[in-house]
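J.: okay, sequence plus prediction incoming.
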Amino acid sequence: MIRKLLFHPITIALLFFINLIGTIYGYYWYNSQLQQTPAIFLAFVPDSPTASLFFTIFLLVLLLGKKAPTIEALAYTTLIKYGIWAVIMNLLTLYIEGSISWQSYMLIASHGAMALQAVLFAPLYTFKLKHLTIAGIWLLHNEIIDYVYGMMPIYYSLTSYQEHIGYFTFWLSVMVLLVAYHQVVKRNELVDA
């Protein structure tokens with residue numbers, strides 16, 4: 001019953017518009033950091049809006065009755081990774097500073113919802129290992145851009161923890177890729193067998 005409601009075209013269309021608005025707002029939120037970012041790194045700085053963009057494209061393709069397995073793999077992995085990452089960074093900020101703004105609570109809720117969306121739509125993903133490999137390259141390449149070239153999102157109170165955050169983020173990416181393999185790729189391999 002829940003899946004029937006969740007996967008109904010009206011629900012998908014509603015989620016498409018919500019994610020589209022969230023994506024636009026996310027890029028706006030990164031505006032000041034993007035203005036300081038060298039052009040070569042622009043695609044890799046706004047992590048969460050780009051994850052939301054991948055999911056928005058997935059929803060549009062779904063509404064059109066098509067498949068886009070590479071976009072699906074990118075949406076699934078980036079939504080979970082950056083959803084979890086942003087929740088943890090905001091909670092870490094709360095722990096260190098003792099309080100956070102209402103915007104930070106909004107970010108916790110919205111990013112938690114991003115990760116949840118990815119998991120809820122997992123039964124509809126058709127990606128295989130080759131598509132997940134592309135997503136894995138994207139995720140790990142992004143780690144290099146963020147933590148080697150210093151293009152990570154700015155959390156001022158967490159600056160002194162950047163090395164630890166980079167280490168955590170790398171293993172979060174690995175975990176997300178393993179979960180994606182077990183939750184989606186293996187299921188699709190069984191269906192194709």
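T.: That came through fine.
J.: okay, now the unreliable bits of this protein?
T.: 193 (pLDDT under 70).
J.: can you give me the helices in it?
T.: 2-6, 9-29, 31-35, 47-63, 69-97, 102-120, 129-147, 162-180, 186-192 (DSSP state H).
J.: buried sites along the longest one?
T.: Right, helix 69-97. 69-90, 92-93 (16 or more other C-beta atoms under 10 Å). Where C-beta positions appear, they are placed from N, C-alpha and C, glycine not excepted.
J.: the helices of the chain: which one's closest to Tyr155?
T.: Of all the helices of the chain, helix 69-97 sits nearest to Tyr155, with 5.6 Å by C-beta to C-beta.
J.: ok now the closest one, how far from the chain's centre?
T.: 6 Å (C-alpha atoms, centre = their mean, to the nearest Å).
J.: tell me the angle that helix makes with helix 129-147.
T.: In terms of direction (axes from the mean of the first three to the mean of the last three C-alpha atoms, to 10 degrees), helix 69-97 departs from helix 129-147 by 30 degrees.
J.: return the list of helices and strands in contact with helix 69-97.
T.: Judged by 3 or more C-beta pairs under 8 Å, 6 or more residues apart in numbering; DSSP states H and E, the packing partners of helix 69-97 are helix 47-63, helix 102-120, helix 129-147, helix 162-180.
J.: can you tell me which of these is packed in deepest?
T.: helix 47-63 (a mean of 23; mean count of other C-beta atoms under 10 Å).
J.: report all helices and strands that that one contacts.
T.: helix 9-29, helix 69-97, helix 102-120.
J.: with distance to Ala180 as extra columns, can I get these in CSV?
T.: Converted to CSV, these look like this (distance: least, C-beta to C-beta, whole Å):
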stretch, distance to Ala180
helix 9-29, 19
helix 69-97, 5
helix 102-120, 9
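J.: so for Phe41, which of the helices of the chain sits nearest?
T.: Here helix 129-147 is closest among the helices of the chain (C-beta to C-beta), at 5.7 Å.
J.: which residues does that closest one contact?
T.: Contacts to helix 129-147, defined as C-beta atoms under 8 Å, 6 or more residues apart in numbering, come from residues 41, 44-45, 47, 69-70, 72-74, 76-78, 81, 127, 151-152, 162-163, 165-166, 169-170, 173, 176-177, 180-181, 184-185, 189.
J.: just stretch 14-22 next, same as before
T.: The contact list for stretch 14-22, computed with C-beta under 8 Å, 6+ apart, reads 49, 52, 55-56, 59-60, 63, 110, 117.
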